[in-house]
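Asker: Quick check, what structure comes out for this input:
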Amino acid sequence: MTLFNFYHQSVDYGKRTQILSNELARDCSVLHRQCYANFLFQNPKIFERLESKKKFRLSWKFTIRICIKVFIHSLFRTFYLFNQARIANKNSLIKAWVDINISEWQDSVEILDCGVLVLPFPISIRRQWRFIKYLRRNNLNYTLYGYKYSLRTLLRFCIQRTPKSLVELEVGAQDYYVSDVVSLGPTKLYVMDDVEFYSHYANSKLIERGFNILFSAHGIGRYSLHYNCTNYTFFNDAQHSFFDEFNFLRKFEIKFKSSGIYDRASILDFTSVCFISQLSKTQTREYNAIEKRVLEVIKRVCPDDVELIFKRHPNSRNLECPEGYLELERLDEYKKTVLFLTLYSTAYYSFQDYGQTILIETKELDSKNIFGNNERIVREEELDTLFSTSEEVITKSF
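Answerer: Coordinates of the predicted model:
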């Protein structure tokens, strides 16, 4: 079993991490154990080591990364301590890293009336810098914000180097975050922080104090097993079903309903094919190989009169446009004449205003696991049908 077939986003895998966290952190509170389960859910290789009962310590490389993270947060926190008045006494706070954390809420709240907490985003410093310049240019009320980590707990983690000591370090920082939010005085928080395995702890503590926390999933992926808020917004039914398995969902809404299964006869004429890439700094080499293979298949089966376009992931760095593809610059230039293809990007939903979208399923990546059964999914070996007329497809089937 590989780490790339979406099994590690499944309910079955989630239940296994839950069982192991309850066993290894039995002396901790329920919230601590749930955060531990979130950490294991996000780190399948670490989970497999622990499940096999091997003695396990996190690597020194991993430990150094955590120390660097703590240092960067301390720098952001210093800025916050001198600038917190900018966002104090606002009715609403937005927890943000990059542009999407603001744009997601523009139809729900008056952004100018909110305070914005900007946390470190090491995946793409350039992207975050663009975001900060946007905040400054638009005179939004923002401040850099960093978590406050206990040096004693950090030292304990560096000595022990265990997942449990890491969870204790991160959860301890969330207690300070809760105190900061309470002192700032908002009543609502707008968040997209499911990628933080410890945000479940902070949100639970804030809800106990009467805060209203509105959450929107920032991607189709499942980053946390346990996640607490007062209002959930999911991309699709499959994502909702997953969270419903492990959480009490007070209120929720689903952005996109199923589009119906793939049918070549329903595909309108197109003059361009755009592949939406998921390659980024955090992707694995195994996934990179899958995507490059699919790009070659598309190039091989695509007719010469159809333009091939490549859409980078926002967090990609120094990624060259594949040979034979043009890089996408502006979506609105293509109107409705483009067909978008992707392995599992949320652009499958968000790009529907610009053209037709289709998911590609490979032998390693079963799209149905995270998108559900009733979506436009074409298998990698059937990509040539996209460039056949409906009559040709019918002929081939007989």
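Asker: Which of the three states applies to Thr233?
Answerer: Counting by DSSP: H, G, I helix; E, B strand; the rest coil, the backbone at Thr233 sits in strand.
Asker: any idea how far it lies from Val11?
Answerer: 20 Å (Cβ to Cβ, to the nearest Å). The way it works is simple: take the backbone N, C-alpha and C, and place the C-beta from them, glycine included.
Asker: Settle it for me: which of the two has more neighbours?
Answerer: Neighbour comparison, Thr233 and Val11: the larger count goes to Thr233, with 19 against 14 (by other Cβ atoms under 10 Å).
Asker: gap between the more buried one and Asp194?
Answerer: Between Thr233 and Asp194 the computed distance is 11 Å (Cβ to Cβ).
Asker: what residues are shared contacts of the two?
Answerer: Residues touching both Thr233 and Asp194 (Cβ atoms under 8 Å, 6 or more residues apart in numbering): Phe215, Ala217.
Asker: Dump stretch 233-246 to PDB, keeping only the CA atoms.
Answerer: Presented in PDB, the C-alpha positions along stretch 233-246 are these (Å, rounded to 0.1, in the frame of the first residue of the first chain):
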ATOM      1  CA  THR A 233     -18.300  24.800   5.300                       C
ATOM      2  CA  PHE A 234     -17.300  21.800   3.200                       C
ATOM      3  CA  PHE A 235     -16.500  21.400  -0.500                       C
ATOM      4  CA  ASN A 236     -18.500  18.300  -1.100                       C
ATOM      5  CA  ASP A 237     -20.600  15.500   0.400                       C
ATOM      6  CA  ALA A 238     -17.600  13.200   0.700                       C
ATOM      7  CA  GLN A 239     -15.700  15.700   2.800                       C
ATOM      8  CA  HIS A 240     -18.700  16.300   5.000                       C
ATOM      9  CA  SER A 241     -19.200  12.600   5.600                       C
ATOM     10  CA  PHE A 242     -15.600  12.200   6.700                       C
ATOM     11  CA  PHE A 243     -15.800  15.000   9.300                       C
ATOM     12  CA  ASP A 244     -19.200  13.800  10.400                       C
ATOM     13  CA  GLU A 245     -17.700  10.500  11.300                       C
ATOM     14  CA  PHE A 246     -15.300  12.000  13.900                       C
END
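Asker: From the chain's centre, how far out is that stretch? Work that out for me.
Answerer: The gap between where stretch 233-246 is centred and where its chain is centred comes out at 14 Å by Cα atoms, centre = their mean, to the nearest Å.
Asker: go on, stretch 86-105?
Answerer: Taking mean C-alpha positions (Cα atoms, centre = their mean), stretch 86-105 and its chain are 18 Å apart.
Asker: Could you pull up the mean pLDDT of it?
Answerer: Stretch 86-105 carries an average pLDDT of 95.
Asker: which residues are contacting it?
Answerer: Here stretch 86-105 makes contact (Cβ under 8 Å, 6+ apart) with 109, 111, 113-121, 124, 127-128, 130-131, 134-135, 140-143, 181, 184-193, 214, 216, 218, 314.
Asker: Filter those residues down to just the ones in helices.
Answerer: Arg127, Gln128, Arg130, Phe131, Tyr134, Leu135, Val181, Leu184 (DSSP state H).
Asker: Once you drop chain neighbours, what's closest to the fifth one?
Answerer: The shortest distance from Tyr134 to any residue that is not its chain neighbour, by Cβ to Cβ, 6 or more residues apart in numbering, is 6.6 Å, and that residue is Asp99.
Asker: about what we covered before: of the contacts of stretch 86-105, keep whichever come out buried.
Answerer: Neighbour-count burial (16 or more other Cβ atoms under 10 Å) is assigned, among these, to 111, 114-121, 124, 127-128, 131, 135, 140-143, 181, 184, 186, 188-193, 214, 216, 218.
Asker: Mind jotting down where the helices sit in the stretch 1-150 of the chain?
Answerer: Ranges of helices in the stretch 1-150 of the chain, per DSSP state H, counting those that start in this stretch, are 11-24, 30-42, 44-51, 60-83, 100-103, 125-137.
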